[in-house]
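S.K.: Curious how this folds, go ahead:
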Amino acid sequence: MYEKHSSMVRLANLNFEKDPNKPLKLLAALYEAKDLLEQSKLCLALEPEASPMSRYFKVILEDLSELEDYIVMVRDLSGE
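M.R.: Model (predicted):
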């Protein structure tokens, strides 16, 4: 799920570069990617702290923060 979210964001950005007149389409893809990232966060939150996978939990929290900032920027751009 984690890897899929980053691919979704990249693809959405590429599509937006091709047609920048559709910020709502980009915004929808970003929300979908955020949902995947939230699901990843919930799964990894169950990992014990000593687990190697628990390191990804902090990365996901940082990615969520960056994605939320990006969503706000695109939302402002689209007038939503």
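S.K.: going forward, measure contacts between C-alpha atoms and count neighbours the same way
M.R.: Will do.
S.K.: for this structure, what's the longest helix?
M.R.: helix 54-78 (DSSP state H).
S.K.: List the contacts of Met1.
M.R.: Counting by Cα atoms under 8 Å, 6 or more residues apart in numbering, Met1 touches Leu36, Leu37, Gln39, Ser40.
S.K.: residues near the first one, how many?
M.R.: Other residues near Leu36 number 19, with proximity taken as other Cα atoms under 10 Å.
S.K.: Tell me where the model's unsure across the chain.
M.R.: Applying pLDDT under 70 to the chain flags the ranges 80.
S.K.: List the backbone torsions phi and psi for Glu47.
M.R.: Backbone geometry at Glu47, expressed as degrees, to the nearest 10, gives phi -70, psi 140.
S.K.: er, Ser51 actually
M.R.: phi -70, psi 140.
S.K.: any idea how far Glu62 is from it?
M.R.: 19 Å (Cα to Cα, to the nearest Å).
S.K.: same deal with Asn15?
M.R.: Taking Cα to Cα, one finds Asn15 at 25 Å from Glu62.
S.K.: tally of neighbours for the nearest residue to Ser54 once chain neighbours are set aside?
M.R.: Once flanking residues are discounted, Ser54 sits nearest to Glu47: 5.7 Å by Cα to Cα, 6 or more residues apart in numbering. Other residues lying near Glu47 total 15 when counted by other Cα under 10 Å.
S.K.: Please apply the same query to the one 5 residues further on.
M.R.: Residues near Pro52, counting by other Cα under 10 Å, number 10.
S.K.: So it, which state does it fall into?
M.R.: coil (DSSP: H, G, I helix; E, B strand; the rest coil).
S.K.: Phi first, then psi, for it.
M.R.: Per degrees, to the nearest 10, the backbone of Pro52 is at phi -60, psi -30.
S.K.: So it versus Lys58, what's the distance?
M.R.: 12 Å.
S.K.: Same check on Lys22?
M.R.: For Lys22, the distance to Lys58 (Cα to Cα) stands at 32 Å.
S.K.: Next: Ser78.
M.R.: For Ser78, the distance to Lys58 - Cα to Cα - is 30 Å.
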